[in-house]
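Asks: mind folding the following:
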Amino acid sequence: YEMVPAALAAEITAASPVPVIGIGAGVGTSGQVLVLHDMLDITRGKKPRFVKNFMAGRDSILAGVKAYADEVKAGTFPVNEVHGF
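Replies: Model prediction:
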């Protein structure tokens with residue numbers, strides 16, 4: 001789901017027999033996806049609220065992608081109040 005309110009996405013995920021992947025749908029989905037260009041902060045123009053720059057403070061694309069994966073696995077990204085609806 002994309003840009004679905006976090007509470008609704010979590011409710012749908014809990015009721016679904018299959019994994020639910022979210023983008024801007026909060027932490028309550030089975031998994032997360034984020035466009036590579038957004039996570040590396042190379043997208044031009046205004047970015048959606050659910051985007052986080054994972055290159056900030058890192059010196060390589062690998063480090064940025066690893067930071068994204070680590071935060072998703074740890075449950076620290078996304079933060080519903082910051083990246084959700």
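Asks: going forward, measure contacts and count neighbours with C-alpha atoms only.
Replies: Fine.
Asks: what mean pLDDT would you report for the longest helix along the chain?
Replies: For the chain, the longest helix by residue count, based on DSSP state H, is helix 61-74. In this model, helix 61-74 has a mean pLDDT of 96.
Asks: and it, how far out from the chain middle?
Replies: On the basis of Cα atoms, centre = their mean, to the nearest Å, helix 61-74 sits 11 Å off its chain's mean C-alpha point.
Asks: can you mark which positions in the next helix or strand after it are buried?
Replies: Sequence-wise, the next helix or strand downstream of helix 61-74 (DSSP states H and E) is helix 80-83. Across helix 80-83, burial judged by 16 or more other Cα atoms under 10 Å covers 80, 83.
Asks: check stretch 57-71 too.
Replies: 64-65, 67-69.
Asks: return the member of the residues you listed nearest to residue 5.
Replies: Distance to residue 5 across the buried residues of stretch 57-71 (Cα to Cα) is lowest for residue 68, with 21.3 Å.
Asks: got phi/psi on the residue located most distally from the centre of the chain?
Replies: Largest separation from the mean C-alpha position in the chain: residue 17, at 21.6 Å (Cα atoms, centre = their mean). Main-chain torsions, residue 17, degrees, to the nearest 10: phi -80, psi -10.
Asks: how far away is it from residue 30?
Replies: Applying Cα to Cα, to the nearest Å, the value for residue 17 to residue 30 is 11 Å.
Asks: quick one: contacts of the helix or strand of the chain with the lowest mean pLDDT?
Replies: Least confident helix or strand, the chain: helix 80-83 with a mean of 88, by mean pLDDT, DSSP states H and E. For helix 80-83, contacts defined as Cα atoms under 8 Å, 6 or more residues apart in numbering pick out 6, 24, 26-27, 49-51.
Asks: many thanks, I have nothing further to ask.
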